[in-house]
Every structure is written in structure tokens, then in C-alpha cells.
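> Next input, structure requested:
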Amino acid sequence: MEESKDNINNRLVRVDFECNSVPRFSKPAGKKYISWGQQNAYPNFLLDLYKRDAIHGSIVKAKSEYVYGKGLTYNKDELTILEQAQYQQFLSSANDTEDWNDIFRKNCEPMELMNGIALEVVWKLNGKCDVFSFNPGFFRTNEDGSKYYYCENWVNENGEENPSPDKDASWREFNKFNPSKRKGSQILFYKAPFESLILHGKLYPEPNYIQCIQDVETNIEITNFHYNHMKNGMFGAAMMTFFNGEPTPEEVKKFVKKFKATYNGTNNTGNTLLYFADKGATAPDHKPLSQPDLDKMFEVVGKRLQQNIFTGHRFDPILGGIMQEGQLGGAKEILEKYDKFIKTYIQYRQELHLNVIKLIGEVNGVDLSQLEVKQTSPIMETLPTDPSILSLFPQDVLQKYYAKKYGIETDDKEIEVSEMASLPVNDNIKKLTGREYQRLQSLIAKYKSGKATYEEVAHFIKGYGLGQDYVDIVLGAKKFSSHINIISLFEAAAIDDNAEDEIIHEEFVGGNVFALNSQFNAARKFAADINSQVLEVLKGDPTLTPEKIAKQLGITPEEASTIIDSLTIAGLIVLAEGLISVTPLGIDTKSVNVEYETYTVYSYATRPDVPKVESSSRPFCTSLMAMSSSGKRWTKDAIDNISNSSGEDAWTYRGGFYTNPNTQETTPYCRHCWKSITKVRKKQ
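Numbers count the residues shown, from 1 in each chain. Sure, this is the predicted structure:
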């Protein structure tokens with residue numbers, strides 16, 4: 001009887017395999033986020049390719065290292081001394097424990113693996129922010145990209161989609177980065193530009209090697225095939241069957257031992273096996289077991305796959321130290337390929353990272369237009385030389401050019417932030433470029449070593465717009481002018497100290513800029529109603545820890561924990577299993593209006609790093625110290641006005657050279673300085 005067509009069709013099943021190189025996007029029922037690939041596992045898929053294929057993984061790692069180069073730097077020749085100090089201060093602190101080179105290095109590998117990075121931006125009370133780097137694969141977003149959801153377990157250990165990631169212990173929700181709303185924690189999810197016509201395809205980054213992903217997968221499967229063939233295959237050279245009956249286990253063991261001793265091993269190769277039997281007995285059956293040429297299998301396919309992978313990555317294997325058949329790898333060839341790779345790929349990728357860092361710099365009030373990446377050196381032994389060209393340039397110019405081009409370290413002096421405090425203050429000093437500043441230091445060193453006269457060096461110093469006063473200070477010939485006029489200005493501008501106002505911060509300062517910073521930092525540490533501020537922060541982001549709350553509000557973690565306990569007792573928040581929830585009562589509670597304000601005044605004081613004076617002070621210092629001791633104080637505006645009226649910098653107008661009797665260290669200023677005193681008072 002003929003089987004019906006329906007029964008045949010029922011037994012035929014079509015199996016569809018997803019093309020993983022192009023992810024799919026969908027919104028799971030009842031969820032806030034858009035899935036990133038089939039099973040919401042596309043980042044895991046990319047990470048699996050990276051770990052399982054040696055060529056692909058090496059390329060991603062090599063590209064990451066080339067992009068990072070030797071870290072972040074800046075063009076000192078185009079920056080003033082003050083700007084260099086600002087750059088260094090910004091780059092030295094991305095957050096409490098990491099600098100910007102730490103963040104940059106963490107971002108390089110995810111950018112090359114997924115073509116995107118994720119930064120947590122934590123806003124502080126002063127409107128600036130700290131930044132932390134996260135794996136972008138831990139984030140999902142909603143349909144309009146306004147929210148980001150963090151989970152470390154979107155996929156379980158079996159590679160299956162987690163049906164309830166929002167119940168995972170690591171689950172957190174964030175707002176999208178928005179500098180116009182500087183509150184709580186936000187996520188800056190940066191994706192390298194790419195094109196997509198798929199619905200929701202622009203929500204997540206797309207790897208820039210997507211064209212060769214199938215080649216990477218195929219290469220992995222070929223390696224897996226060879227591995228399992230070697231692991232599970234039978235590779236005996238021959239099989240011999242005996243027909244003398246089945247021996248006992250003891251006889252088999254004895255025979256095998258004797259057989260191996262007689263015929264196995266390289267010394268017995270080619271020997272003839274002799275068999276002795278009774279007349280008419282059946283001879284042993286000897287059958288050779290031929291092995292296939294496993295090393296030849298997939299050879300052609302493997303070479304094509306490797307070439308496709310290198311092409312998809314736009315990466316020449318010689319740049320990663322991977323030598324291929326037919327490659328010589330001479331210095332000239334390496335340099336040419338290195339230069340092309342840097343210009344056509346690496347510089348563009350570095351610019352993506354720099355744009356993100358410059359954005360954060362702009363938010364924090366620092367113009368990072370001269371920020372750049374110090375390039376790493378190519379794999380090479382010698383630099384290219386052409387005498388006909390090189391002879392046209394001075395040696396120091398060539399040295400600097402090649403050092404910068406090939407990432408070679410030089411002895412350029414770094415301008416430390418701390419140096420700014422010890423420099424004789426002059427507005428023209430702050431306007432000098434790095435090159436001019438180094439030239440100035442060189443001139444001063446020549447004078448002190450006797451290689452230049454006072455007149456010669458003074459002439460050059462004045463050429464930088466620096467006056468005779470500065471010349472006298474740095475060359476050791478300070479001439480003191482009359483103090484009578486400037487002392488009278490300080491007497492007229494002095495105000496009485498209000499002893500009833502509470503002092504919340506005191507700090508010795510070294511000049512106008514440092515006085516301003518001290519005044520601002522002290523003011524932001526004061527909170528009129530810190531309980532209300534903690535509650536407001538938790539309303540914005542209830543997942544914040546006491547440490548992060550403390551960081552935003554300028555208090556200690558212990559103080560933050562105590563306030564959280566008091567808010568819990570008051571019924572404004574609920575603490576359960578380590579998670580904080582703001583209650584309806586807490587949401588309805590309005591912040592207490594601030595009834596207090598801070599202000600800063602200044603007194604003239606003895607520096608804390610010098611011993612007790614053994615002789616009388618100079619007239620200016622004696623007068624200012626006497627006024628300060630009697631309760632006289634000055635505002636910042638008043639001291640600035642004295643500078644304008646007298647033509648002197650009132651912040652640094654003090655005694656001349658002072659030698660510490662304990663350390664024998666000589667400074668071009670005396671043992672006195674200004675002290676900022678920040679107080680709190682009720683609003684008028």
C-alpha cells in the first residue's frame with residue numbers, strides 16, 4: 001500500500017540556523033528593553049568568537065594595543081603653563097581610584113570587539129562628574145534609548161536567555177547621559193558610526209569586522225574538527241588477528257608484553273614478524289590500517305579563511321608579529337605598513353575615544369582640544385634615513401619629529417601641577433607655552449651656572465613680557481619697594497572678623513587661583529540640611545551606595561550610612577536585602593529650604609612648614625600679621641582690588657628670600673602666606 005504524501009511530509013522537519021553575523025532585535029513580552037540578538041546573547045556570541053579563534057582573538061588584542069599606544073598625552077607646545085596644569089589635573093583623576101589612562105585602556109578592547117563603550121557618569125554637587133568604565137555587553141536599552149538596564153546575567157551558564165534579568169542581583173536601571181540634568185548616575189553608551197536598516201538596529205553597536213564573522217566561525221569549526229578527530233579517532237598502524245583460540249587474560253598480558261619488547265619502538269622498525277604454528281593451522285590475519293592525510297584536510301579552505309579574517313579586520317598580520325608564507329618582514333616593509341595602518345585605521349579609532357574624553361572634559365570645564373594619543377612603536381630595528389633630506393633640518397628638529405612619529409620616549413619635562421604653586425606669580429608666566437617655559441628655565445640655569453651674564457639673561461626674560469621684579473626674584477637680586485602705600489590700602493580694605501560665625505574650613509593658599517579653588521571647595525562641602533540632600537539623591541537613584549552618596553555630597557560614608565538609618569526610622573525610605581526604596585511619604589517630603597550660607601575671608605598667617613622666627617619680620621609682614629591678629633580680615637575681591645590699585649600682585653606681595661634654618665632650603669618668598677577661612681552664617 002502506497003504511503004500518503006501527508007504522512008511523508010509529517011516526518012520531514014526543516015531546521016533553520018540563525019546567521020549569527022547579523023544580530024536580530026526584538027522586544028520581549030512584558031519587558032522594558034530591546035533584546036540584543038537572538039536569545040539576547042549577541043555580546044556573548046562575540047566574546048565567544050574572541051576567545052575561541054586564535055587569529056581573530058590576536059587581531060582584536062593587537063588592534064586594542066595599537067589604539068591605546070602609549071596612553072594619553074597633549075601637545076605642550078600649544079598650551080600655556082596654566083593649561084598644562086589643568087590637563088594634568090584632569091587626566092590624573094577620572095574617579096577616586098583611576099586616572100583617564102586606566103579608563104582609556106579599559107575602553108580599547110570593548111571598542112575593537114563590539115565597536116562601542118559604556119561609561120557610568122556619576123554627577124557631583126559641583127556639577128562635575130566622575131567616570132567609570134563598564135563592559136557594554138552588560139547593558140540593554142529601551143526603544144528610544146532613553147534608559148539603560150544593567151545585568152551581568154542576560155544569558156545563563158548554558159547559553160540560554162535569562163527570562164527574568166530584572167530579578168537578578170546585579171540588575172540596575174540608569175538614565176541616558178544628559179549634561180543638562182546633572183543628577184545621580186547616568187550611562188554614556190557610545191557607538192562607533194555605522195549604517196543599519198534593521199528595526200532597532202541603531203540601538204546597539206555593530207562590530208566593524210562583521211563581514212568576516214562567518215569566516216571566524218568556520219575557522220573555529222575546522223579547529224574543533226581536528227581536535228575531536230585527534231581526541232576520538234583510532235590511529236593503530238595495523239591489526240593482527242590470531243586463530244589459535246581465545247587465550248586467558250594472563251596469557252594475553254604476557255604475550256602483549258613480550259610482543260612489545262620484541263617488535264615495538266623505533267629500533268625495531270622494518271623487522272619481519274615470524275609466526276610458528278602446527279602443520280595445517282590457520283595463519284594470523286595481518287591487515288594494515290591506513291591513516292588519512294589529516295594535515296592536508298581543509299588546507300586550502302583554512303588559508304582562504306585566514307585571509308578573509310585579516311581582510312575583514314583591515315589588519316596586516318605582520319603588524320601583529322604573525323609571519324605568513326612568502327613574507328620577508330624587512331624594516332622598510334614594516335614601516336610602510338605600520339604608517340598606512342596608523343593613518344587609515346588607528347588614528348580614526350583613537351579619535352573616537354578622544355571625542356568621548358573631550359566631551360567629559362567639556363562637562364568638567366576643561367578644554368581638551370590638544371589631547372592626543374602617544375603612538376606605539378612599530379616592530380622594527382632601524383629608522384628610515386635619507387641623507388639628502390635629513391641634511392636640510394637641524395638635528396633637534398629631526399629628533400623630535402621621529403620620536404613623535406614612532407612613539408619613542410624623549411626627555412621632555414612634564415609640568416607638574418604642584419609646580420604652579422611654587423612659581424613666582426605673574427600673569428605672563430601663565431601665558432607661556434611649554435617650549436617657552438622650558439627655554440626660560442634653561443636661561444635661568446645658565447645664569448646660575450655662570451654660563452651667562454645677568455644682563456644677557458635679564459634681556460631674554462623681559463622679552464617674554466616679564467618685568468624687572470620677576471627678573472630680580474628668579475635671578476636673586478630682589479629690590480624691595482616701599483611698603484607704605486600698599487599697607488595703607490590693606491588697612492582701608494580690612495573688615496572685622498565675626499567671631500560668632502562657625503568656621504567650617506581653613507586652608508593655607510598660595511595665590512589668587514588657589515584662593516579661588518580653596519573657597520569653592522570649602523563652600524561645596526557644607527550642607528544646610530544634609531538629611532534632605534541625601535533623600536533627594538536617593539529619589540533620583542535609590543540604587544546608590546553610601547559610598548557614592550558620600551562622594552556626591554562631600555561627606556564621609558559613615559555619615560551617609562547614619563543618615564540612611566535616620567531616614568529609615570522616619571519612614572521615608574525602606575531598606576530590604578541591601579536595596580533602598582523611597583516610600584510614598586519620602587517622595588512627598590519636600591526639601592528643607594536652605595537657611596544658611598557660606599562665605600570666605602582671608603587672614604595673613606605664618607606658613608605651617610617653617611619653624612619659629614629667630615629675627616624680626618619685614619615691615620609689610622609685621623603690619624599684616626598685626627592686623628590679622630587683631631581680628632582684621634579681607635575678602636577676595638578686596639585683595640584683587642588692592643592688586644589693581646597698587647600695580648602689584650597683592651596675593652604674592654610679601655617678603656623676599658627666606659632660608660629655612662632646619663632644611664637650609666631657600667625660597668623666593670618669605671615665611672608668611674594667606675589663609676582662607678570659610679564660615680557659615682544665616683542668610684541675611
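> Could I get the full set of helices for the stretch 201-350 of the chain?
For the stretch 201-350 of the chain, the helices defined by DSSP state H, counting those that start in this stretch cover 213-232, 249-263, 299-313, 331-341, 347-363.
> Pull out the buried positions in the shortest one.
For helix 331-341, burial by neighbour count (16 or more other C-beta atoms under 10 Å) applies to 334, 335, 337, 338, 341. Just so you know, the C-beta spots here come from the backbone N, C-alpha and C atoms, and that holds for glycine as well.
> now swap in the longest one and tell me
Buried residues in helix 213-232, counting neighbours by 16+ other C-beta under 10 Å, are found at 213, 214, 215, 216, 217, 218, 219, 220, 223.
> Please convert the residues you listed to TSV, extending it with pLDDT.
Shown next, in TSV, are these (pLDDT from 0 to 100):
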residue	pLDDT
213	92
214	91
215	91
216	92
217	90
218	89
219	89
220	88
223	84
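> Looking at those residues, spot the one nearest residue 148.
Proximity of the buried residues of helix 213-232 to residue 148 (C-beta to C-beta) peaks at residue 213, which lies at 25.4 Å.
> Outline the domain layout of this protein.
What automatic domain parsing lists as the domains of the chain is 32-214, 423-475, 480-525+594-684, 529-592.
> So residue 172 is in contact with residue 542, correct?
No - contact criterion C-beta atoms under 8 Å: residue 172 and residue 542 do not qualify, at 10.2 Å.
> count of residues packed around the residue nearest to residue 93 when sequence neighbours are not counted?
The shortest distance from residue 93 to any non-neighbouring residue, by C-beta to C-beta, 6 or more residues apart in numbering, is to residue 99 (6.1 Å). Residues within reach of residue 99, counting by other C-beta atoms under 10 Å, total 15.
> which ones are touching residue 99?
Contact partners of residue 99, counting by C-beta atoms under 8 Å, 6 or more residues apart in numbering, are 91, 92, 93.
> can you do 10 Å?
Residue 99 is in contact with 71, 72, 90, 91, 92, 93, counting by C-beta atoms under 10 Å, 6 or more residues apart in numbering.
> now swap in residue 675 and tell me
Residue 675 sits in contact with 506-509, 515, 518, 601-608, 628, where contact means C-beta under 10 Å, 6+ apart.
> what do you get for residue 531?
Contact analysis of residue 531 by C-beta under 10 Å, 6+ apart lists 562, 563, 564, 566, 567, 570, 572, 589, 591, 592.
> re the thing from before, can you put the buried residues of helix 331-341 in a markdown table and add distance to residue 126?
Below are these laid out as a markdown table (distance: C-beta to C-beta, whole Å):
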| residue | distance to residue 126 |
| --- | --- |
| 334 | 49 |
| 335 | 48 |
| 337 | 48 |
| 338 | 44 |
| 341 | 42 |
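> Closest one of the residues you listed to residue 108?
Of those, the one sitting nearest to residue 108 (C-beta to C-beta) turns out to be residue 341, at 15.5 Å.
> The helix or strand harbouring residue 625: which residues count as buried?
In the assignment (DSSP states H and E), residue 625 maps to helix 619-629. Neighbour-count burial for helix 619-629, with 16+ other C-beta under 10 Å as criterion, is recorded at 620, 621, 623, 624, 625, 627, 628.
> Hmm, which of the contacts of residue 531 is lowest in pLDDT?
Least confident of those in the model: residue 592, at 55.
> re earlier: just the C-alpha atoms of the helix holding residue 625, please, in PDB.
C-alpha atoms of helix 619-629 as PDB (Å, rounded to 0.1, in the frame of the first residue of the first chain):
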ATOM      1  CA  PRO A 619      57.700  95.800  57.700                       C
ATOM      2  CA  PHE A 620      55.000  94.600  55.300                       C
ATOM      3  CA  CYS A 621      54.700  91.200  57.000                       C
ATOM      4  CA  THR A 622      54.800  92.700  60.500                       C
ATOM      5  CA  SER A 623      51.900  95.100  59.700                       C
ATOM      6  CA  LEU A 624      49.700  92.500  58.000                       C
ATOM      7  CA  MET A 625      50.400  90.000  60.800                       C
ATOM      8  CA  ALA A 626      49.400  92.600  63.400                       C
ATOM      9  CA  MET A 627      46.200  93.500  61.700                       C
ATOM     10  CA  SER A 628      45.300  89.800  61.300                       C
ATOM     11  CA  SER A 629      46.000  89.100  65.000                       C
END
